[in-house]
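Engineer: Give me coordinates for this.
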Amino acid sequence: MKIRLFTVPNLLTLMSLMCGSFAALAALGLGDLRLAFWLLIAAALFDFADGFTARLLGCPSAIGVQLDSLSDMISFGFAPASILVALYLRAEALLPWDGRVQYAGALLLYLLTAFSALRLAKFNLDETQRAEFCGLPTPAAALLCASLGLIEAQGGFSLAREWLLLLAVGLGLLLISPIRMFALKFHGFGWRGNELRYLFLAACAVLIFTLRTYAIPAIVVLYIVISTVRWLVRGRPRG
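Structural biologist: Residues are numbered from 1 along each chain as shown. Presented below is the predicted three-dimensional model:
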């Protein structure tokens with residue numbers, strides 16, 4: 001069986017992977033969290049474009065599915081954890097830690113990468129996640145981490161080391177949680193059936209207009225809250 005490696009969708013997926021790799025380098029090697037943020041934004045755009053292009057050209061493939069997960073592992077698993085590590089190494093601690101404990105804490109932040117791997121593996125096997133997600137999507141967690149780096153780089157607030165550790169654990173648990181989270185996949189352009197998506201996008205526009213840089217973490221938190229409330233109201237169906 002002949003396998004085509006360098007299709008247009010696969011090349012877009014590889015661009016997403018490269019952007020994620022460079023984002024990790026920008027965070028840890030260059031200490032440039034602003035650049036790391038924009039590289040993760042580019043990775044997310046390429047990640048969206050590869051699936052859209054595959055459907056448009058009618059050339060989805062099994063290797064494309066595997067490549068997409070590997071790319072997401074780097075761009076939305078390893079890179080955001082690297083950004084948290086970069087933030088951690090320059091942050092203050094609430095409690096006195098010696099050097100060894102300090103660096104052990106930095107390594108623990110890579111639990112986010114491990115949970116991302118579990119999330120992606122589960123997604124590949126779960127046929128119920130085509131219309132909605134089970135657990136927090138990895139790009140949402142990645143953008144939250146990247147936005148915290150951007151905020152710190154722009155002179156905004158910075159989290160203490162203990163809070164960064166709690167954030168990594170919390171995001172990791174949300175990634176593999178049974179909470180059903182809505183996807184921004186529209187059923188046509190009508191209002192009926194898309195009410196939640198349109199209302200969420202309207203709220204996002206208001207947050208971006210009013211909060212600017214701070215809008216991204218606010219949007220991710222809003223997405224988590226709305227999805228959790230929706231899941232509870234619907235009787236907590238399990239996935």
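Engineer: Going by C-alpha atoms from here, please, whenever you check contacts or count neighbours.
Structural biologist: Noted.
Engineer: Just list the residues touching the residue nearest to the spatial centre of the chain, thanks.
Structural biologist: By CA atoms, centre = their mean, the chain has its centre lying nearest to P139, at 2.2 Å. P139 sits next to 44, 76 when contact means CA atoms under 8 Å, 6 or more residues apart in numbering.
Engineer: swap the cut-off to 6 Å and go again
Structural biologist: Neighbouring residues of P139 by CA atoms under 6 Å, 6 or more residues apart in numbering: F76.
Engineer: The helix or strand bottoming out on mean pLDDT in the chain: which residues count as buried?
Structural biologist: Averaged element by element with mean pLDDT, DSSP states H and E, the chain has its least confident helix or strand at helix 99-108 (a mean of 82). The neighbour-count check on helix 99-108 (16 or more other CA atoms under 10 Å) flags 105-106 as buried.
Engineer: now that helix: how far from the chain's centre is it?
Structural biologist: 24 Å (CA atoms, centre = their mean, to the nearest Å).
Engineer: same for that helix, what does it pack against?
Structural biologist: Helices and strands touching helix 99-108, by 3 or more CA pairs under 6 Å, 6 or more residues apart in numbering; DSSP states H and E: there are none.
Engineer: would you say the residue nearest to the centre of the chain is within a helix?
Structural biologist: Yes. Under the criterion used here (DSSP: H, G, I helix; E, B strand; the rest coil), P139 sits inside a helix.
Engineer: what is the rounded mean pLDDT of the longest helix anywhere in the chain?
Structural biologist: Among the segments of the chain that qualify as a helix by DSSP state H, the longest is helix 33-57. Helix 33-57 carries an average pLDDT of 91.
Engineer: same thing with stretch 160-170?
Structural biologist: Across stretch 160-170, the per-residue pLDDT values average to 95.
Engineer: What mean pLDDT does stretch 206-213 get?
Structural biologist: Rounded mean pLDDT across stretch 206-213 is 94.
Engineer: Counting neighbours, which bits of that stretch end up buried?
Structural biologist: So, applying 16+ other CA under 10 Å, buried residues of stretch 206-213: 207-208, 213.
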